[in-house]
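Colleague: no sequence on hand, only this structure:
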Ligand SMILES: *Cc1c(COP(=O)(O)O)cnc(C)c1O
């Protein structure tokens, strides 16, 4: 099959490496952009303000002696600076974001419109309760949807991310063991080897020691190993379902039965809930606590450090320990139960100052209501269908990590198929950037060698999936044909090449300092 036509443009294999760098650092109608502080916006300003009449003497010693040190730019200069920067970035509005384990959704415009309604966006957490009845009703409705979809009796809305939700769940579990006098002996949390790093980190943070549970050949929890490690020294298990290999835990009922028999609680990492929403209710599986990443399953913005939200649903046994606040509804309308009040006697405390991420609540509820119950089931079905389409269409060229049977919402490949090519998963991912595609998640889960975890989500059309698949096939074919330079030198077309990612993470430079002798210092 000719991949060139479907991908849409020839890749000119022999010209890529020899292309000269441009003279300015610009590329294809995109100019190189310096930091805003490095430009020449000094000593000028974008607005005309009259000189202040006061001499500032009221401030005494506190008066600023040096220039404020902010660059001055006109409106078009400002716009250009930020638009140029934004064009160096990938965005879900540009193309597929195939990161597995992240569920990078589109962010429906309707959600944004709802979140900007003044009754939700222009309110203050300390406003009198009578003036925010609508916002509280929205939180109550969201709680209702989350409880209904999961089949669980209680939910703590306030955690601000998945990892924060894990903290919430484990603190509720610890509070329950404390209440029953078992905390001293139950010091262990069992976590499968394939777990997301936040699981063992959270357990350790709450003061537990982490014990690993082995995985079977086919990528599931090894139930025999789990059973052998369960005992009256175990506080909880943390299992992701569907798991981080993109597979449904077939023995989930047995896992929860064994866990409860041992007197431990079942924490489910619900980051992958989008694969089963509307089809499976975690409450029916025996789950005691599960976080739901609204920024994964329910379409609220995710990247760029924006706020997340990780509500935690709780079973009957854990509900009394849920953190404050929560919304109740009685004759007087909606109100918040805070820690001091009697109803929250057993609450383990609170996780944040106020009520959580109002904007995310609004977006998530907007997504739920616009889909309806049947629409959400369709979301799960389409997400799984899309991932299986990718698995099926790449499976002949690339090696699926667990080839037998279908996957859930993400397709996982290993690097077996690259053996003998001298090309690594990282090289392959960098070459994807040259072809216009954001790479998939790499080297996670750790239990799969050279892992490539691809998650399309339900939002990609068949045409978009085919475009992605043809690019992947073209690259895989080039890799197998020994076109090593294309991969080793990649990315050739990105503004920055191979970065020292370890150093960037370990010693980030977060503050701009003026060069020696410059008059730009603050
Ligand atoms: C994303 C994710 C988390 C952590 O969620 P955050 O919202 O990023 O804190 C935990 N577990 C799994 C499996 C995830 O995919």
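Modeller: Great, that's in hand. Because the structure is predicted, anything quoted here is derived from the model rather than measured.
Colleague: now for the closest residue to the ligand within the stretch 201-350 of the chain: which residues touch it?
Modeller: As assessed by CB to the nearest ligand atom, the ligand sits closest to residue 271 within the stretch 201-350 of the chain, at 3.2 Å. In short, each C-beta sits where N, CA and C put it, glycine included. Applying CB atoms under 8 Å, 6 or more residues apart in numbering to residue 271 gives the contacts 101, 103, 162, 196, 240, 291, 293, 296.
Colleague: just the residues you listed that are near the ligand?
Modeller: Restricting these to those near the ligand by CB under 6 Å from any ligand atom leaves 101, 162, 196, 240, 293.
Colleague: who are the contact partners of the second one?
Modeller: To tie it back to what came earlier, the one meant is residue 162. Here residue 162 is in contact with 198, 269, 271, 291, 293, 296, 308, 310 (criterion: CB under 8 Å, 6+ apart).
Colleague: now the fourth one: how far from residue 162?
Modeller: To tie it back to what came earlier, the one meant is residue 291. The gap separating residue 291 from residue 162 is 5 Å, by CB to CB, to the nearest Å.
Colleague: repeat for residue 333
Modeller: Distance from residue 333 to residue 162, by CB to CB: 32 Å.
Colleague: residue 356 now?
Modeller: 14 Å.
Colleague: just residue 148 next, same as before
Modeller: 21 Å.
Colleague: so which residue of this structure comes closest to the ligand?
Modeller: residue 162 (2.2 Å).
Colleague: how about the contacts of residue 162, which pair is most distant?
Modeller: 269 and 308 (14.5 Å; CB to CB).
Colleague: who has more neighbours, the two?
Modeller: residue 269 (28 against 21; other CB atoms under 10 Å).
Colleague: beta-bridge partners for the more buried one, please?
Modeller: Beta-bridge partners recorded for residue 269 (DSSP bridges): residue 240, residue 291.
Colleague: could you pull up the contacting residues of the residue sitting nearest the centre point of the chain?
Modeller: Central residue of the chain (CA atoms, centre = their mean): residue 102, 4.6 Å from the mean position. For residue 102, the contacting residues are 296, 302, 441, 455, by CB under 8 Å, 6+ apart.
Colleague: ok, 6 Å please
Modeller: The contact partners of residue 102, by CB atoms under 6 Å, 6 or more residues apart in numbering, come to none.
Colleague: how about the secondary structure of it?
Modeller: Look at residue 102: counting by DSSP: H, G, I helix; E, B strand; the rest coil, its state is coil.
Colleague: can you check residue 335 too?
Modeller: Relying on three-state DSSP, one would call residue 335 strand.
Colleague: and it, how many neighbours does it have?
Modeller: 16.
Colleague: who's it bridged to?
Modeller: Assigned bridge partners for residue 335, using DSSP bridges, are residue 328.
Colleague: so for it, what's the pLDDT?
Modeller: Per-residue confidence (pLDDT) for residue 335: 93.
Colleague: roughly how far does residue 130 sit from residue 88?
Modeller: Distance from residue 130 to residue 88, by CB to CB: 48 Å.
Colleague: cool, and residue 169?
Modeller: 38 Å.
Colleague: try residue 189
Modeller: Distance of residue 189 to residue 88, computed by CB to CB: 41 Å.
Colleague: and the two? which has more neighbours close in?
Modeller: Shown here are residue 189 and residue 88; by other CB under 10 Å, residue 189 has more neighbours (26 against 13).
Colleague: is the more buried one located within a strand, as I assumed?
Modeller: Yes - counting by three-state DSSP, residue 189 is found in a strand.
Colleague: and the pLDDT at it?
Modeller: 98.
Colleague: you'd agree it is up against residue 203?
Modeller: Yes - in this structure, residue 189 is within contact of residue 203 by CB atoms under 6 Å, at 3.8 Å.
Colleague: so what sits against both of these two?
Modeller: Shared contacts of residue 189 and residue 203, defined by CB under 6 Å, 6+ apart, comprise residue 210.
Colleague: tell me the spacing between the residue of the chain closest to the ligand and residue 139.
Modeller: In this view, residue 162 and residue 139 are 19 Å apart by CB to CB.
Colleague: just residue 101 next, same as before
Modeller: According to CB to CB, residue 101 stands 28 Å off from residue 139.
Colleague: make CSV from the ones next to the ligand among the contacts of residue 271 and add pLDDT and distance to residue 428 to it.
Modeller: Listed next are those as CSV, based on pLDDT from 0 to 100; distance: CB to CB, whole Å:
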residue, pLDDT, distance to residue 428
101, 89, 18
162, 95, 28
196, 94, 23
240, 97, 26
293, 96, 28
